[in-house]
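>>> model the following, please.
(one chain, ligands or ions: 1)
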Amino acid sequence: MSKRVRTAVFPVAGLGTRFLPATKAMPKEMLTVVDRPLIQYAVDEAREAGIEHFVFVTGRNKGVIEDHFDRQFELETTLEVRGKTAALHELQKDLPSAGRTSFTRQQEPLGLGHAVWCARDIVGDNPFALLLPDMLFKGEPGVLKQMMDAYEETGGNIIAVEEVPHDEVSSYGVIGRGEGPDNSFKLTEMVEKPKKEDAPSNLIISGRYILQPEIFSLLAEQTKGAGGEIQLTDAMQNLMHQQNFTGVKYVGKSFDCGSKIGFLTANVVYALERDDIRPGFIRELSKLDLEEQL
Ligand code: G1P
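A predicted model of the protein is given here:
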């Protein structure tokens, strides 16, 4: 039987240059979709999948992420005194248990592969999940849970993939698909940010991974790849010579919240799904005469 996945790593050191000036003093992972920060969605998804230990690879100016996952006594006391018990319970429910978070820093922005490598001592010799919080997924069950189900069957390494238009592949890691059904197929290759004509398919690596600890020794080589960065995809391609990689074409919808369009779309979709917001939001939107603008 495969070793259980108990730990998840969240790389949150990125500078968020695409969202300046919003991200000058605030981490991009704290940008909200409706009223929850992006990082909270990723943590919720991990928790739903059975993750017990949450490891954040942060950087300078990211201290507020650590605060977000801590108690806030002044706030909690005020909510209690004011009788706002529902809000108080919501806040407490979102917190990982005491001692179940770890924080380490990526000291230089050398790429995703380097950020993951920074978590090596905390993760140790265990399989782990990796969630890129920019990518927000709507799925039932969540995407990581769908991957965990595949992992229970196959073990090894699991990558969530999705189809994108051929014109967009060069913005992502792209996989070659081997045999098997959509919820569990063999991967034959991976390439980071290929030119459209070199891409093995239009199936992209979509920001959720389950990886075996052997990835760390490959990342330790610190070879630079696409964009001059240490790429996780290159290390995974190397690990593929020794271990199986399984693709899961997840069921659900993704929002690339690293882009303004994806982020704004996510806000609209999530707001329209909220019973407490939908009626008022639709009323205001209908006043905008959107058809005129479209
Ligand atoms: C990273 C990965 C890439 C993946 C993408 C998903 O790229 O390197 O393989 O497809 O996330 O969002 P980045 O967005 O950091 O350039």
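
>>> helix or strand for Val191, which one?
Using DSSP states H and E, the element containing Val191 is strand 185-192.

>>> now that strand: average pLDDT?
With pLDDT averaged residue by residue, strand 185-192 scores 96.

>>> does any part of it sit near the ligand?
Yes: applying CB under 6 Å from any ligand atom, one finds strand 185-192 touching the ligand at Glu192. To be clear about C-beta, it is placed using only N, CA and C from the backbone, and glycine gets the same treatment.

>>> which residue is the nearest non-sequential neighbour of the residue in the chain positioned nearest to the ligand?
Using CB to the nearest ligand atom, the point where the chain gets nearest to the ligand is Gly173, with a distance of 2.3 Å. Nearest residue to Gly173 in three dimensions, chain neighbours excluded: Ile205, at 3.6 Å (CB to CB, 6 or more residues apart in numbering).

>>> CA atoms only: put stretch 280-290 into CSV for me.
These are the backbone C-alpha positions of stretch 280-290, laid out as CSV (Å, rounded to 0.1, in the frame of the first residue of the first chain):
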residue,chain,number,x,y,z
GLY,A,280,-28.3,42.1,-4.5
PHE,A,281,-25.4,41.5,-6.9
ILE,A,282,-27.7,40.6,-9.8
ARG,A,283,-29.8,43.7,-9.0
GLU,A,284,-26.7,45.9,-9.2
LEU,A,285,-25.3,44.2,-12.3
SER,A,286,-28.5,44.6,-14.1
LYS,A,287,-28.4,48.4,-13.5
LEU,A,288,-25.1,48.5,-15.4
ASP,A,289,-26.7,47.8,-18.7
LEU,A,290,-23.9,45.3,-19.5
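
>>> could you list the residues in contact with it?
Residues from elsewhere that reach stretch 280-290 (CB atoms under 8 Å, 6 or more residues apart in numbering): Ala271, Leu272.

>>> spell out which residues of the stretch 101-250 of the chain are next to the ligand.
So the stretch 101-250 of the chain meets the ligand at Leu112, Leu132, Met135, Tyr172, Gly173, Glu192, Ile204, Ile205, Ser206, Gly207, Leu232, Thr233 (CB under 6 Å from any ligand atom).

>>> filter these down to the ones in helices?
With DSSP state H as the criterion, helices contain Leu112, Leu232, Thr233 from among those.

>>> tabulate the residues you listed (CSV), appending pLDDT, distance to Phe69 and neighbour count.
Shown next, in CSV, are these (pLDDT from 0 to 100; distance: CB to CB, whole Å; neighbours: other CB atoms under 10 Å):
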residue, pLDDT, distance to Phe69, neighbour count
Leu112, 96, 22, 24
Leu232, 97, 24, 28
Thr233, 97, 28, 22
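
>>> any idea of the mean pLDDT in stretch 269-277?
The pLDDT scores in stretch 269-277 average 96.

>>> same check, this time on stretch 57-72
For stretch 57-72, the mean per-residue pLDDT is 92.

>>> now Ala218. Nearest residue, chain neighbours left out?
Check again: residue 218 is Leu, not Ala. Using CB to CB, 6+ apart, the nearest residue to Leu218 is Ala235, at 4.1 Å.

>>> list the buried residues of the strand holding Val191.
By neighbour count on 16 or more other CB atoms under 10 Å, the buried set for strand 185-192 is Phe185, Lys186, Leu187, Met190, Val191, Glu192.

>>> so who does Ile51 touch?
Each residue near Ile51 by CB under 8 Å, 6+ apart is listed here: Val5, Arg6, Thr7, Ala8, Ala129, Leu144.

>>> out of those, grab the one that's most surrounded.
With neighbours defined as other CB atoms under 10 Å, the most crowded of the contacts of Ile51 is Leu144; it has 31 neighbours.

>>> and the helices in the protein?
Under DSSP H, the chain gives helices at 38-48, 63-68, 73-81, 85-94, 112-117, 120-123, 143-154, 215-219, 232-239, 260-272, 278-287, 290-293.

>>> geometric centre of this protein: which residue is closest?
For the chain, the residue whose C-alpha lies nearest the mean C-alpha position (CA atoms, centre = their mean) is Leu132; its distance is 2.6 Å.
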